[in-house]
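Turn this into a model:
(one chain, ligands or ions: 1)
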Amino acid sequence: MKRVAILISGGGSNMLTLLRDMAEGGYARPVLVASNDPAAKGLEKAAAQGIPIAAVDHRPYGRDREAFETALAERIDATQPDILCLAGFMRILTPGFIRRYEGKMLNIHPSLLPKYPGLHTHARALAAGDQEAGCTVHEVTADLDAGPILGQARVPVLPGDTEDSLAARVLAQEHRLYPQVLRRFVAGDCRPVLL
Ligand code: GRF
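Prediction:
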């Protein structure tokens, strides 16, 4: 059965939906939930489900991204994952780290890529007057938020939407999209999931 490691930085709502879907579908097994923030709330939620966790605080490494990533990769590789899922993971990864896991690392991004790579995606969609927004799951490559798209979910932008109301509408779709993409990816089916 495919072994899945999930990387988070915060509450881990996407991580929780992936854990639940793997438990229900039995198509893969979570072997680690890791975070760059020891205080990430998602870590205790994963531990409460008996999932092995790892916290590698990026702060002591300062600007030495490689040293942080070496420590993180050590914890990841110890669990021998077949797939890495970035889920609300807020660190930019160096090409060296990405090369290590290329072809088996997914990320969910809260915009309809290629629109709005990077941060503050909802604010940018609202500022642009977009009628539609959404989220994308893609393979992680060295170009930030630009790897092959494995799935997208669209939501309407509604009159009076704020960054928070739009973020909440998109997040609900992230929770639908990511498990469906992981199921296909595990099955070796890379046709994009379009919701
Ligand atoms: C959310 O903004 C989501 O859009 C993005 O990361 C943030 C936190 O997600 N993927 P999570 O609740 O930690 O999964």
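
per the record, what domains does this structure have?
Following automatic domain parsing, one gets these domains for the chain: 1-101, 109-195.

Same list (the ones you listed) but as CSV, adding mean neighbour count.
No exception for glycine: its C-beta is placed from N, CA and C like everyone else's. Below are the domains of the chain laid out as CSV (neighbours: other C-beta atoms under 10 Å):
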stretch, mean neighbour count
domain 1-101, 18
domain 109-195, 17
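
will you turn those into a markdown table that also has mean pLDDT and distance to the ligand?
Formatted as a markdown table, those follow (pLDDT from 0 to 100; distance: least, C-beta to the nearest ligand atom, whole Å):
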| stretch | mean pLDDT | distance to the ligand |
| --- | --- | --- |
| domain 1-101 | 97 | 3 |
| domain 109-195 | 96 | 3 |
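
Residues touching the longest helix anywhere in the chain, excluding its own?
Looking across the chain with DSSP state H, the single longest helix is helix 163-186. For helix 163-186, the external contacting residues (C-beta atoms under 8 Å, 6 or more residues apart in numbering) are 2, 4, 13-14, 17-18, 20-22, 25, 27-28, 83, 85, 87, 106, 108, 110, 122-123, 125-126, 133-135, 137, 150-155, 157-158, 161, 190-191, 193, 195.

Quick check: which element contains Ile98?
helix 95-101 (DSSP states H and E).

phi, psi of the residue positioned nearest the centre of the chain?
The centroid of the chain falls nearest to Ala87 when counting by C-alpha atoms, centre = their mean (2.4 Å). Torsion angles at Ala87 (phi, psi; degrees, to the nearest 10) stand at phi -140, psi 90.

Tell me the strands beside the next helix or strand after the longest helix of the chain, with direction?
Under the assignment DSSP H and E, the closest C-terminal helix or strand after helix 163-186 is strand 193-194. Applying DSSP bridges, strand 193-194 is found paired with strand 149-156 (parallel).

give me every residue that touches the closest residue to Gln131 other than its chain neighbours.
Take Gln131 and drop its neighbours on the chain: the residue closest to it by C-beta to C-beta, 6 or more residues apart in numbering is Val157, 5.6 Å away. Shown in contact with Val157 (C-beta under 8 Å, 6+ apart): Ala125, Leu126, Asp130, Gln131, Glu132, Ala133, Leu166.

Which parts of the chain are helices?
13-25, 41-48, 65-77, 95-101, 121-127, 163-186.
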